[in-house]
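Peer 1: I need the structure of the sequence given here:
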Amino acid sequence: MTKRPNLTEEERSTLLGSLTEVGPSKPVGYLPLYTIEKFVRTTPEALAAAAAARGLSTAQFTPADSCIKSGALYVYHRETLADLLRANAKVACAAGLPLEPDDFIARIAAVWFEKNHPAYPVIAAAFGDNA
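Peer 2: A predicted model of the protein is given here:
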């Protein structure tokens, strides 16, 4: 059995921030399943339940369905994401991104978009990165 790294509460909180900060200003967050289990020391199901209790949507992807090696858990604020996709519909459609939130999450889970891809600005905005 491999030893799990001991993270400080601050380090654990920083990792969880990708999910716990999801809301109107950060429509989407994700963590690899490996990170959740090995470093955060919880289950994707527990994090999904906590997110659902906050009114958020979740989607868990296996390694076969994800561009993330271990698979990933995505948490998203459906209404804010829908608004963002509507506001960026022209760019999103031209870049091949779906405009429906669940389909958008499935697409960004399955495909890794590089910074120079036309879809990247929409994806970055969905993750709350306005840079």
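Peer 1: from the chain's centre, how far out does the longest helix along the chain sit?
Peer 2: Longest helix of the chain, by residue count under DSSP state H: helix 9-20. Between the centre of helix 9-20 and the centre of its host chain there is 14 Å, according to C-alpha atoms, centre = their mean, to the nearest Å.
Peer 1: likewise stretch 39-59?
Peer 2: That offset, for stretch 39-59, works out to 12 Å (C-alpha atoms, centre = their mean).
Peer 1: that one: end-to-end distance?
Peer 2: Start and end residues of stretch 39-59 are separated by 20 Å (C-alpha to C-alpha, to the nearest Å).
Peer 1: so which elements touch the longest helix of the chain?
Peer 2: With contacts taken as 3 or more C-beta pairs under 8 Å, 6 or more residues apart in numbering; DSSP states H and E, helix 9-20 sits against strand 28-32, helix 44-53. Every residue, glycine included, has its C-beta placed from N, CA and C.
Peer 1: angle of that helix against helix 44-53?
Peer 2: Inter-element angle recorded for helix 9-20 and helix 44-53: 60 degrees (by axes from the mean of the first three to the mean of the last three C-alpha atoms, to 10 degrees).
Peer 1: quick one: mean pLDDT over helix 9-20.
Peer 2: Taken as a whole, helix 9-20 has an average pLDDT of 89.
Peer 1: low-confidence regions, this structure specifically.
Peer 2: 1-5, 130-131 (pLDDT under 70).
Peer 1: could I get the helices and strands packed on helix 9-20 as a markdown table with mean neighbour count and distance to Gln60?
Peer 2: Below are those laid out as a markdown table (neighbours: other C-beta atoms under 10 Å; distance: least, C-beta to C-beta, whole Å):
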| stretch | mean neighbour count | distance to Gln60 |
| --- | --- | --- |
| strand 28-32 | 23 | 10 |
| helix 44-53 | 15 | 5 |
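Peer 1: for Trp112, find the nearest of the ones you listed.
Peer 2: Shortest distance between Trp112 and the helices and strands packed on helix 9-20, using C-beta to C-beta, is found for strand 28-32: 11.9 Å.
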